[in-house]
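**Q** Got a sequence here, can you build the structure:
(2 chains, ligands or ions: 1)
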Amino acid sequence: MPAPTSPYWNPKTETLPKDQLRALQLTKLQRLVERAWHTSPFHRRLYEKAGVRPEHIKTLDDIRRLPFMTREDWMDNQAGKPMFGDLITRPESDAIRYHLTSGTSGRQPLRVLDSRKDWSWIADMWCYGFWGFGIRPDDKVFFAFSYGSFIGFWGAHYCCEKMGCLTLASGNMTTEQRVKQIVEMGVTVVCATPTYALRMGQTAEKMGIDLKRDGKVRRVVVSGEPAGSIPAVKKMIEDMWGGKCGDTAGMTEIGTIMIFECDHQPGGPHIIEDHFIEEVLDPDSGTPMSYGERGERVVTSFGRGFIPLIRYRTKDLVCKVPHTHCDCGRTGDIYEGGILGRVDDMKLIRGTNVYPRAVEAVVREHAEVEEFQIVIQRVDNVQDEITVKVELKPDQQDCWPRLQAQLGKDLADAHEGLRFNVEQAKTGELPRFELKAKRLQDLRPKY
Amino acid sequence: MDRTTDLLGNPLTVDDIELLDLYRRLKALSGRADLPPVATANVKQAMVMLWNACNDLALLHEEPGCD
Ligand SMILES: [Zn+2]
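**A** Residues are numbered from 1 along each chain as shown, chains lettered A, B, ... in the order given. From the prediction side, this is the model:
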């Protein structure tokens, strides 16, 4: 059977004129708030406290009458009423999946449940992204993913089954085994975190495998780290793999992705606006930001029946631009540069703001670098020092100290002249990551 | 429920009507208690997939009982 030729997974809603898209969002929002009011005691309390009722939602702007939902509220609710709090809308026995947040920040993980319907919807959101990035039923898709309690690429795996791709799981494999299978099986699409896509590429080099020559990969889908939208990181991945690299972003709280890069790659991923309302707000005042201004993502999701997610503060830093920045025909707006970082991961060093993602963007411009780490220390209880430790590729050792000087200059130029110490690390000294990389160590005393 | 338009108020197409009809028939079947587990479970899966298509196409939204 021939595959459909549409460039869109869902042509009807992905290309809806903006006014109709907004009307659809309003209809869905009204029904979502109504349902949350009647089935989620957590939300009922929140809304009663704020003096807002479902019938108050008459226009899309009325969303601002609804109080925010935070991760802290959710965790408190779970802790107070184990295991899932009274946020959930249905009995636990209706669920078919249980997942946890990855707990990257050392916090208590969040616990989530999904029904059959939720799980199918979760896969479908990935389908918007995979189809939109040019993946088709005849592709062979490899998941470099652990298939554990973290939701990660689980939904993407089911998306590929739904689309009819040959879907390869690799939870039990070492990096070497993964590289070998990708080549042996003629895999055409690889899914991984950006960090791990680079690591597999480096491992292939060490194994004497030229992925461009020996492999058939034409797409690398990355997720899980802001680096997926850094052009220099993408270029490194593309140079290693020989296929186009596309970013996606999601979160356990949603269960799936809410943004994806289309095949045209206009510089950022599209928002799946028929399933999500993505507000961009000033993180301090909560007022809406205009197109082109940075702010915090606040998400409302229409998909997951078990857990209504309404005006959820994500702490992700983004910059929204109109859909017209892309000529693919989708009417979903775009997050320029993807997820730019976390609202709370900014570091203040001697009066200058430093974001780990911005440092990574500079470091990755230098192809000689294999791995790096950012260390912040307080010297003599007074002076904050920032050091970038760099591990060079084995065959690039002689670029030092030229690289040291250049990197120091580039980092300073990107940070209002702030001085960065640049040090060389020994081969294999710095930690490697499979899931979310933790490349920043803030060793300053906390008080 | 209004069976003549989608969530946007557009008249349903012949294909929309077919999809919705399949979904409703599967939903009714999956609610029956007298079928063998092999029928109920597989029909339920099929019903959920049909819900997914109808939901994405904005033919319906939510639908209690289709979990
Ligand atoms: Zn596009």
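**Q** what helices or strands is the helix or strand harbouring residue A:312 leaning on?
**A** Using DSSP states H and E, the element containing residue A:312 is strand A:309-321. On a contact count with 3 or more CB pairs under 8 Å, 6 or more residues apart in numbering or on different chains; DSSP states H and E, strand A:309-321 meets helix A:18-39, helix A:71-80, strand A:276-281, strand A:294-301, strand A:334-335, strand A:341-342. Every residue, glycine included, has its C-beta placed from N, CA and C.
**Q** Could you export those to a markdown table, including columns for mean pLDDT, distance to chain B and mean neighbour count?
**A** Output for these, formatted as a markdown table (pLDDT from 0 to 100; distance: least, CB to the nearest CB, whole Å; neighbours: other CB atoms under 10 Å in any protein chain shown):
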| stretch | mean pLDDT | distance to chain B | mean neighbour count |
| --- | --- | --- | --- |
| helix A:18-39 | 97 | 5 | 18 |
| helix A:71-80 | 94 | 21 | 15 |
| strand A:276-281 | 98 | 13 | 21 |
| strand A:294-301 | 97 | 13 | 22 |
| strand A:334-335 | 98 | 21 | 26 |
| strand A:341-342 | 88 | 31 | 18 |
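**Q** Give me the distance between the residue in chain B sticking out farthest from the centre and the ion.
**A** No residue in chain B sits farther from the centre than residue B:36, which is 20.9 Å out by CA atoms, centre = their mean. Separation of residue B:36 from the ion (CB to the ion, to the nearest Å) stands at 47 Å.
**Q** residues from the stretch 1-150 of chain A in reach of chain B?
**A** A:10, A:12-13, A:16, A:20, A:23-24, A:27-28, A:31-32, A:35, A:90, A:94, A:115-118, A:120-121, A:124 (CB under 8 Å from any CB of the partner chain).
**Q** Kindly report the same for the stretch 201-350 of chain A.
**A** So the stretch 201-350 of chain A meets chain B at A:274, A:302, A:305 (CB under 8 Å from any CB).
**Q** The residue lying closest to residue A:408 once chain neighbours are set aside bridge partners, please.
**A** Excluding the flanking residues, the one nearest residue A:408 by CB to CB, 6 or more residues apart in numbering or on different chains is residue A:422, at 4.7 Å. For residue A:422, the beta-bridge partners under DSSP bridges are residue A:388.
**Q** do you know how far residue A:422 is from residue A:380?
**A** Distance of residue A:422 to residue A:380, computed by CB to CB, to the nearest Å: 21 Å.
**Q** just to revisit the earlier point, how many degrees apart are the strand holding residue A:312 and helix A:71-80 in direction?
**A** Going by axes from the mean of the first three to the mean of the last three CA atoms, to 10 degrees, strand A:309-321 is angled at 160 degrees with respect to helix A:71-80.
**Q** can you tell if strand A:309-321 touches the ion?
**A** No. Interface with the ion: strand A:309-321 contributes nothing (CB under 5 Å from the ion), its closest point being 11.7 Å away.
**Q** got the CA coordinates for that strand in PDB?
**A** Output in PDB follows, covering the C-alpha atoms of strand A:309-321 (Å, rounded to 0.1, in the frame of the first residue of the first chain):
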ATOM      1  CA  LEU A 309      -2.500  20.200  32.800                       C
ATOM      2  CA  ILE A 310      -3.800  23.800  32.800                       C
ATOM      3  CA  ARG A 311      -1.500  26.800  32.800                       C
ATOM      4  CA  TYR A 312       1.400  24.800  34.100                       C
ATOM      5  CA  ARG A 313       4.600  26.800  34.800                       C
ATOM      6  CA  THR A 314       7.400  24.900  33.000                       C
ATOM      7  CA  LYS A 315      10.300  27.200  33.900                       C
ATOM      8  CA  ASP A 316      11.500  26.700  30.300                       C
ATOM      9  CA  LEU A 317      12.900  29.800  28.700                       C
ATOM     10  CA  VAL A 318      11.600  30.400  25.100                       C
ATOM     11  CA  CYS A 319      11.100  33.100  22.400                       C
ATOM     12  CA  LYS A 320       8.000  32.700  20.300                       C
ATOM     13  CA  VAL A 321       7.800  34.000  16.700                       C
END
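**Q** Over in chain A, which residue gets nearest chain B? Let me know.
**A** Per CB to the nearest CB, residue A:115 is where chain A lies closest to chain B, at 3.8 Å.
**Q** which residues does that residue contact?
**A** Residue A:115 sits next to A:90, A:94, A:95, A:96, A:305, A:306, B:67 when contact means CB atoms under 8 Å, 6 or more residues apart in numbering or on different chains.
**Q** circling back to that earlier point, residue A:317: which of the helices and strands packed on strand A:309-321 is closest?
**A** Counting by CB to CB, residue A:317 lies closest to strand A:341-342 out of these; the figure is 4.9 Å.
**Q** wait, what's in contact with residue A:135?
**A** A:141, A:160, A:163, A:165, A:189, A:219, A:221.
**Q** which SSE is the second one in?
**A** The one in question is residue A:160. Going by DSSP H and E, residue A:160 is in helix A:154-163.
**Q** helices and strands around that helix, which ones?
**A** Using 3+ CB pairs under 8 Å, 6+ apart: helix A:154-163 touches helix A:116-132, strand A:140-143, strand A:166-169.
**Q** Now with 10 Å, please.
**A** Packing partners of helix A:154-163 (3 or more CB pairs under 10 Å, 6 or more residues apart in numbering or on different chains; DSSP states H and E): strand A:97-100, helix A:116-132, strand A:140-143, strand A:166-169, strand A:189-192, strand A:244-251, strand A:256-260.
**Q** now the residues of the stretch 201-350 of chain A next to chain B as CSV including distance to the ion, neighbour count and pLDDT?
**A** Below are these laid out as CSV (distance: CB to the ion, whole Å; neighbours: other CB atoms under 10 Å in any protein chain shown; pLDDT from 0 to 100):
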residue, distance to the ion, neighbour count, pLDDT
A:274, 15, 24, 97
A:302, 21, 24, 95
A:305, 29, 24, 93
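**Q** Appreciated, that's everything.
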